[in-house]
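**Student:** any chance you could fold what I've pasted below:
(one chain, ligands or ions: 1)
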Amino acid sequence: MVDVSEIQETVEFERGRPDIYGAAHPKALLRAIQEDGDYLKDLSNQHVITIDQFEPITLLQLFRLAAKYESNPDRFTSPLQGKILISAFYEPSTRTRLSFESAWHRLGGDIMSITDRSTTGIAKGESLADVGEMFNNYCDCVVLRDNKEESLHQMMDTLRVPIINAGNGIDEHPTQALADMYTIFKWRPDLMASEVPEYERINVGVIGVPGRMRTVRSLLKVFTKFSSAFKKITIIHDENETDIFSPGQREELEDAGIDVNVVTSLEEVICQLDVVYINAIAWVGDSFESHGSKFHLHKDLPFKENAIVMHPLARGEELDTNLDETHHNWYFAQARGAVFLRMALLTCMVQRTSRVMDVI
Ligand code: CP
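**Tutor:** The predicted structure is shown next:
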C-alpha cells in the first residue's frame, strides 16, 4: 500500500464546520492534500463495483477533486460536454439517482434516464448482456441501481463503457460510502494522515445490521482503507437481530487493525461516540426491511459535544427532525457532498480530468 504521507502537506490541519446550510466546508480538506492527478488515472474507464477495488491514495485524490468542485462550483464549465450518461434505476431512489444526474448536468453532459425496467426489452425477455451490448452504442457511462446483486455482473459481460454500481441488492453501494468518507474527512481532515495519533482517532457507532445493509457494508469496507483514523467501531443493533455480520465482515475490519465492539444499548455508548451513523432500512427484493427501529436519535441524547450524526437517508422515525437544527446534523452535508464526490468520480471515469486539473 502506498504511504499516504507522500501526498500530505505539512499544514496545520483545520477542522471542518458545517455552514448554516449544513454544507461542510471543503477548503480544509483541499489544503490538506497536495495535487497529484496521476493517481486519478487509476479510475479512467474503470467499472465501479465495490469499495474493495480502490487504493487509499486514489481515494484521497478523488476527495481532493471533489473538494475542488465543491469549493469552486462555478469555475468548471463543461468538462463532460459531448458525453452521454445512461442512468438506469430499477429501484426507488431520491439521492443517488438525482445526485448522479445533477453531477452529470453540472459538468455539461447529456443524460438518458430509465426508471422502470419494464419500459425496456427486459420486459420481453431480453438478457442484460444484450442490453449491455446496446448501451455501448448509446452512452459513455452507465449508472445502475438494481435489486438483484447479479444484474451488474451480467451487464459487465458485454459492456465496454464503464458502469457504476449505485446499489445492487443488499451487496454494496460504493459511491455512498465514498460520499460518507468524504464527509468525515471534511469534518476532520487530520484523519487523512497516514498515522493518526492514538488520542486523535475517532470512535464511530454504526446503528444497523452490517450484514443486511449495502450502505453499511460499503462503509465498513471504506473504513478499512483508512484504519488509522479509528479507535473503535461499535455496531449497535436491536437485541432481536441475529447474524449481524455477513461471513468475513467483522474479520475484515479486525484484519485492518480496527477494534470492533458490538452492543445492543445505544445509551451505553453514545457519550463516547464521535460519529453516530444510523441506517434503519435495507431494500430487499421489491420491498424494504426495517432494522433497529427501536433506536431513535434526537437532540436531547447525551452526544459528545462535537459528535456528528450521519445517515444515508431516506430517514424514518429513527432520526428525529429536531436534530436538523443542531450542529450534530452532518447528514444534510453528507447528501450535498455526494454531488461533488460523484462529479469527481464521473470526470475521472470518462477521462476528462485534464479539463479540470489546472483549474482551481
Ligand atoms: N442514500 C441513498 O442511497 O439514497 P436513495 O435511496 O434515495 O438513493
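**Student:** correct me if wrong: D190 contacts E200.
**Tutor:** Yes. Taking contacts as Cβ atoms under 8 Å, D190 lies within contact range of E200: 6.2 Å. The C-beta positions use only the backbone N, C-alpha and C, and glycine is treated the same way.
**Student:** pick out whichever of those two has more residues nearby.
**Tutor:** Neighbour totals were compared for D190 and E200, and D190 leads with 18 against 14 (other Cβ atoms under 10 Å).
**Student:** how about that one, phi and psi?
**Tutor:** Taking degrees, to the nearest 10, you get phi -60, psi -20 for the backbone angles of D190.
**Student:** joint contacts of D190 and E200?
**Tutor:** Shared contacts of D190 and E200 (Cβ atoms under 8 Å, 6 or more residues apart in numbering): none.
**Student:** pull out the buried positions in stretch 193-205.
**Tutor:** Residues of stretch 193-205 classed as buried by neighbour count (16 or more other Cβ atoms under 10 Å): 193-194, 196, 201-205.
**Student:** er, stretch 35-54 actually
**Tutor:** 39-40, 42-43, 46-51, 54.
**Student:** ok, residues contacting it?
**Tutor:** Contacts for stretch 35-54 (Cβ under 8 Å, 6+ apart): 7, 55, 57-58, 60-62, 64-65, 152, 156, 159, 162-165, 172, 174-175, 177-178, 218, 221-222, 225, 345, 348-351, 353, 357.
**Student:** ok, the closest residue to the ligand within the stretch 251-360 of the chain - contacts?
**Tutor:** Ranking the residues of the stretch 251-360 of the chain by distance to the ligand (Cβ to the nearest ligand atom) places P312 first, at 3.8 Å. Counting by Cβ under 8 Å, 6+ apart, P312 touches 95, 173, 176, 180, 215, 279, 334.
**Student:** and if we set it to 7 Å?
**Tutor:** 176, 215, 279 (Cβ atoms under 7 Å, 6 or more residues apart in numbering).
**Student:** in what helix or strand does the residue lying closest to the first one once chain neighbours are set aside lie?
**Tutor:** This points to Q176. Excluding its sequence neighbours, the residue lying closest to Q176 (Cβ to Cβ, 6 or more residues apart in numbering) is T215, at 4.9 Å. Taking DSSP states H and E as the definition, one finds T215 inside helix 214-225.
**Student:** so how far is that helix from its chain's centroid?
**Tutor:** 9 Å (Cα atoms, centre = their mean, to the nearest Å).
**Student:** what's that helix packed up against?
**Tutor:** Helix 214-225 sits against helix 174-187, helix 249-255, with contacts defined as 3 or more Cβ pairs under 7 Å, 6 or more residues apart in numbering; DSSP states H and E.
**Student:** contacts for that helix, please.
**Tutor:** 51-52, 54, 56, 59, 167, 170-174, 176-178, 180-181, 206, 208, 210, 230, 233, 249, 252-253, 256, 258, 277, 279, 312.
**Student:** same deal with stretch 84-102?
**Tutor:** By Cβ under 7 Å, 6+ apart, the residues outside stretch 84-102 that reach it are 104, 109-115, 117, 135, 138-147, 166-167, 283, 313-314, 335, 338-339, 342.
**Student:** count of neighbours near the residue nearest to A314 when sequence neighbours are not counted?
**Tutor:** Closest residue to A314 apart from its sequence neighbours, by Cβ to Cβ, 6+ apart: T94 at 6.4 Å. Using other Cβ under 10 Å, the number of residues around T94 comes to 10.
**Student:** what are the phi and psi values for T94?
**Tutor:** Given degrees, to the nearest 10, the pair of backbone angles that T94 has is phi -100, psi -60.
**Student:** the longest helix seen in the chain near the ligand at all?
**Tutor:** Scanning the chain for the helix with the most residues, using DSSP state H, yields helix 331-349. No. Contact of helix 331-349 with the ligand is not found when judged by Cβ under 6 Å from any ligand atom; the minimum separation is 7.4 Å.
**Student:** would you confirm that L341 contacts M181?
**Tutor:** No. Counting by Cβ atoms under 7 Å, no contact exists between L341 and M181, whose distance comes to 8.9 Å.
**Student:** show me what contacts the closest residue to V284 other than its chain neighbours?
**Tutor:** If the residues on either side of it in the chain are set aside, V284 comes closest to I170, at 6.0 Å by Cβ to Cβ, 6+ apart. Under the criterion of Cβ under 7 Å, 6+ apart, the contact list for I170 reads 212-214, 282, 284.
**Student:** can you check F135 too?
**Tutor:** F135 sits next to 86, 142, 159, 161 when contact means Cβ under 7 Å, 6+ apart.
**Student:** did I read that right, the second one in a strand?
**Tutor:** Translated: V142. Yes. The assignment for V142, made by DSSP: H, G, I helix; E, B strand; the rest coil, places it in a strand.
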